[in-house]
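take a look and give me a structure for this.
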Amino acid sequence: MKRSTLIVITLLASSLAATFFAATSGNAQRNEPAAQQETGGDVNALVRSLGSKDPIERATAACQLREMGKRAAPAIPQLIQMLSDDTAIGRIQCGRNNWGSDSEPNSPGQEAARALACIGTQAVEPLIGVVNSNDHRVRANAIFALGVIKDERTIEPLLGAVRDSQWQVRRQAAWGLGLKEDERVTEPLLSALSDREWQVRSQAAWALGLKGNRSAVEPLVLALQDSYPEVRSQAAWALGLKGDSRSVDGLMAALKDADARVRSQAAWALGLKGNSQATEALVSALKDEEASVRSQSAWALGLKGDYRAVEGLNTALKDESRQVRKQAAWALGMILMRDRRAADKVSNLDLNIKTDKDGDDDDEDDEPNVGPNPNPNPNPNPNPNPNPNPRPRNQR
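Down below sits the predicted model:
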């Protein structure tokens, strides 16, 4: 597979990420017969359960309403009232559209926000009516739902919320703006890159990564110098999705960042750049103290297909980490497909690299993992994990 094709795949996957949860409510509506069977279709009974003294029962009722999609519209007033309910609970499993993971915080208010998001356009005006609530929990949950719903009316409330007095609301607004296909969102997101709270800056970097606007490249390069590694890492991820060579120097410098997460993400991003300018820097990164960085650098060199990387990758076949060895073998295989001169320099090449020389088991999968999760901190709570893994798979 050509390097340009891999880049296109990554960009397309990220574009799909931006609309995935905007389409979730539509999926719930299209699956109405199944949802009705699972929930019993009794909206009135579920509305009564929203008033239960048991937070689990309240959250479960909201979750079941979520599965009903637009048929749950009669419950909108009660769901709006629940948005302030931040009682800590575990993840609720009630149907097909399960959001987030078991490790993330959850509350009845968040479940109510998800239900409103899946109800869709009928919930827009009621949600807009509470975005100026005195309760920041209500504002944050309402902004979440508006971010998911695909409706022109949601843009203005999100643009206003990115300037909210509470950072949790600003972060949620930045996440929502990332999902919107509207040219008005870029400038507010660029401003959010300078927010006083790192959580907002990180979220803004994520959102800008999903935008095709090249005006974000230089601000994101500056964000590689942020005092928080979470922001630097997210900026590197975003720059990886930008087909712009202006970021290469900054990303090469990030290969020497103090934080391994940033170095690994920078290597991933450099792998997607359509030139060989970073080859030497990535070869040097094959000697990084962290195996995750060495592995990611090998992956990036495989995408580049640059003959100059062969010697360093050949040495990496003897790395102490099995995952690095596997990734180096994959990379050498990719280079061999582009330049047969590499064959003379490759020794003991086995794309599966099954060896028991050190007995390590840092990766149970026999297939080379061609890149780590390129989105280290994709979005705030509630966390619907909007970004699919855009890693190209290994050619066999």
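
for residue 114, give its distance to residue 229.
As for residue 114, its distance to residue 229 is 30 Å (criterion: CB to CB, to the nearest Å). Just so you know, the C-beta spots here come from the backbone N, C-alpha and C atoms, and that holds for glycine as well.

the two: who's more crowded?
residue 114 (32 against 19; other CB atoms under 10 Å).

for the more buried one, which non-adjacent residue is spatially closest?
residue 66 (5.2 Å; CB to CB, 6 or more residues apart in numbering).

got the contact list for the strand or helix carrying the one you found?
Residue 66 is part of helix 55-67 when elements are defined by DSSP states H and E. The contact list for helix 55-67 (CB atoms under 8 Å, 6 or more residues apart in numbering) reads 28, 35, 38-39, 43, 46-47, 49-52, 72, 75, 79, 82, 85, 87, 89, 92-97, 106-108, 111-112, 114-115, 117-119.

flag every buried residue along the following helix or strand past it.
From helix 55-67 onward toward the C-terminus, using DSSP H and E, the following helix or strand is helix 76-82. Neighbour counts over helix 76-82 (16 or more other CB atoms under 10 Å) mark 76, 78, 79, 80, 82 as buried.

which parts of the stretch 51-200 of the chain are helices?
Secondary structure of the stretch 51-200 of the chain by DSSP state H, counting those that start in this stretch: the helices cover 55-67, 76-82, 108-119, 124-128, 136-148, 155-161, 167-178, 186-192, 198-209.

now the first one: average pLDDT?
What that stands for is helix 55-67. Here helix 55-67 scores 95 as its mean pLDDT.

name the residues of that helix that are buried.
55, 58, 59, 60, 61, 62, 63, 64, 65, 66, 67.

so where's the chain uncertain?
Across the chain, the ranges flagged by pLDDT under 70 are 1-41, 96-103, 339-396.

so who does residue 257 touch?
Contacts of residue 257 (CB under 8 Å, 6+ apart): 229, 232, 263, 266.

return the subset of those lying in strands.
Nothing among the contacts of residue 257 maps onto strands, per DSSP state E.

surely residue 214 meets residue 242?
Yes - assessed by CB atoms under 8 Å, residue 214 is found in contact with residue 242 at 6.9 Å.

the more surrounded of these two?
For residue 214 versus residue 242, the count of surrounding residues by other CB under 10 Å is larger for residue 242: 23 against 11.

skipping its backbone neighbours, what lies nearest the more buried one in space?
residue 217 (5.5 Å).

and the one helix or strand the one you found maps to, what does it pack onto?
Per DSSP H and E: residue 217 is located in helix 217-223. If contacts are counted by 3 or more CB pairs under 8 Å, 6 or more residues apart in numbering; DSSP states H and E, helix 217-223 sits against helix 198-209, helix 229-240.

10 Å - rerun?
Packing contacts for helix 217-223, counted by 3 or more CB pairs under 10 Å, 6 or more residues apart in numbering; DSSP states H and E, involve helix 186-192, helix 198-209, helix 229-240, helix 248-254.

generate TSV for those helices, with distance to residue 164 as supplementary columns.
Formatted as TSV, the helices and strands packed on helix 217-223 follow (distance: least, CB to CB, whole Å):
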stretch	distance to residue 164
helix 186-192	11
helix 198-209	10
helix 229-240	19
helix 248-254	30
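
residue 157: which of the ones you listed is closest?
helix 186-192 (12.2 Å; CB to CB).

hang on, residue 226 in a helix?
No - judged by DSSP: H, G, I helix; E, B strand; the rest coil, residue 226 forms no part of a helix; its state is coil.

residues contacting the closest residue to it other than its chain neighbours?
If the residues on either side of it in the chain are set aside, residue 226 comes closest to residue 232, at 5.2 Å by CB to CB, 6+ apart. The neighbours of residue 232, taking CB atoms under 10 Å, 6 or more residues apart in numbering as the test, are 198, 201-202, 205, 223-226, 254, 257-259, 261-263, 265-266.

next one: residue 78
So residue 78 contacts 46, 47, 48, 49, 50, 51, 58, 61, 62, 65, 112, 115 (CB under 10 Å, 6+ apart).

residue 286 contacts residue 313, doesn't it?
Yes - applying CB atoms under 10 Å, one finds residue 286 in contact with residue 313, separated by 7.2 Å.

so for these two, which sits in the more crowded spot?
It is residue 313, of residue 286 and residue 313, that has more neighbours when counted by other CB under 10 Å, with 28 against 23.

using the three-state scheme, assign that one.
Under three-state DSSP, residue 313 comes out as helix.

okay, it and residue 322: tell me how far apart.
15 Å.

again, but for residue 181
42 Å.

who does the helix or strand encompassing residue 337 touch, helix- and strand-wise?
Assigned by DSSP H and E, residue 337 belongs to helix 322-338. Applying 3+ CB pairs under 10 Å, 6+ apart, one finds that helix 322-338 makes contact with helix 3-20, helix 291-304, helix 310-316.

list the buried residues of that helix.
Buried residues in helix 322-338, counted by 16+ other CB under 10 Å: 322-336.

so how far is that helix from its chain's centroid?
26 Å (CA atoms, centre = their mean, to the nearest Å).

dump the C-alpha coordinates for it into CSV.
Provided in CSV are the C-alpha atoms of helix 322-338 (Å, rounded to 0.1, in the frame of the first residue of the first chain):
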residue,chain,number,x,y,z
ARG,A,322,9.1,-8.2,21.3
GLN,A,323,6.7,-5.6,20.0
VAL,A,324,9.6,-3.4,18.8
ARG,A,325,11.0,-6.4,17.0
LYS,A,326,7.7,-7.2,15.4
GLN,A,327,7.2,-3.6,14.3
ALA,A,328,10.7,-3.4,12.9
ALA,A,329,10.1,-6.5,10.8
TRP,A,330,6.8,-5.1,9.5
ALA,A,331,8.6,-1.8,8.6
LEU,A,332,11.4,-3.6,6.8
GLY,A,333,8.8,-5.6,4.9
MET,A,334,7.2,-2.3,3.8
ILE,A,335,10.5,-0.9,2.7
LEU,A,336,11.4,-4.1,0.7
MET,A,337,8.2,-3.7,-1.2
ARG,A,338,9.4,-0.3,-2.3
